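In: Structure for the following, please:
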Amino acid sequence: MARPKKSTKTTRKQYSEEYRSEALALAAKVGVSAAAKQLGLHTSQIYGWRSKARLHQDRGDAEKQPAAENARLERQLAEQAEELAILKKAAAYFAKSLK
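Out: Sure, this is the predicted structure:
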């Protein structure tokens, strides 16, 4: 008779963002291996957290650049719209005087 299989599922431990950032700061100071030993983590966890943090930071920088460009272009568009309105008024004024 076959025995039923026991479920050996383990749950992963969830770490807070604050804990991760402190672990990354420690790893930057003393090295990844030493920080992993000190915190009781695998080095691959710290490396994974570090790569995700860098990716998130790079995305943030990449999103800031187009936002600044959009703001600059919106200011330029507003200035040109104002100049166009002034020119239209001037054209209407001079067209009246020609009649």
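
In: any idea which helix or strand carries the residue nearest to Lys29 when sequence neighbours are not counted?
Out: Leaving aside its sequence neighbours, Lys29 sits nearest to Ala35 (CB to CB, 6 or more residues apart in numbering; 7.9 Å). C-beta: built from backbone N, CA, C; applies to glycine. Ala35 belongs to helix 32-39 when elements are defined using DSSP states H and E.

In: ok, the residue nearest to Lys29 - how many residues close by?
Out: Counted by other CB atoms under 10 Å, the residues lying close to Ala35 total 20.

In: for the one 4 residues further on, same thing?
Out: Look at Leu39: counted by other CB under 10 Å, it has 16 neighbours.

In: That one and Arg54, how far apart?
Out: Counting by CB to CB, to the nearest Å, the separation of Leu39 from Arg54 is 20 Å.

In: can you give me how far the helix holding Ala35 is from the chain middle?
Out: Mean-position distance between helix 32-39 and its chain equals 27 Å (CA atoms, centre = their mean, to the nearest Å).

In: what helices or strands is it leaning on?
Out: helix 17-30, helix 43-98 (3 or more CB pairs under 8 Å, 6 or more residues apart in numbering; DSSP states H and E).

In: Quick check: buried residues in that helix?
Out: Taking 16 or more other CB atoms under 10 Å as the basis for neighbour counts, the residues of helix 32-39 that come out buried are Val32, Ala35, Ala36, Leu39.

In: Provide a list of residues in contact with the second one.
Out: If a contact means CB atoms under 8 Å, 6 or more residues apart in numbering, then Ala35 has Ala23, Leu26, Ala27, Lys29, Leu41, Ile46 as its contacts.

In: With distance to Glu74, pLDDT and neighbour count added, can I get those residues in JSON lines?
Out: Listed next are these as JSON lines, based on distance: CB to CB, whole Å; pLDDT from 0 to 100; neighbours: other CB atoms under 10 Å:
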{"residue": "Ala23", "distance to Glu74": "41", "pLDDT": "92", "neighbour count": "21"}
{"residue": "Leu26", "distance to Glu74": "43", "pLDDT": "93", "neighbour count": "17"}
{"residue": "Ala27", "distance to Glu74": "42", "pLDDT": "93", "neighbour count": "22"}
{"residue": "Lys29", "distance to Glu74": "43", "pLDDT": "93", "neighbour count": "9"}
{"residue": "Leu41", "distance to Glu74": "46", "pLDDT": "92", "neighbour count": "17"}
{"residue": "Ile46", "distance to Glu74": "42", "pLDDT": "91", "neighbour count": "21"}
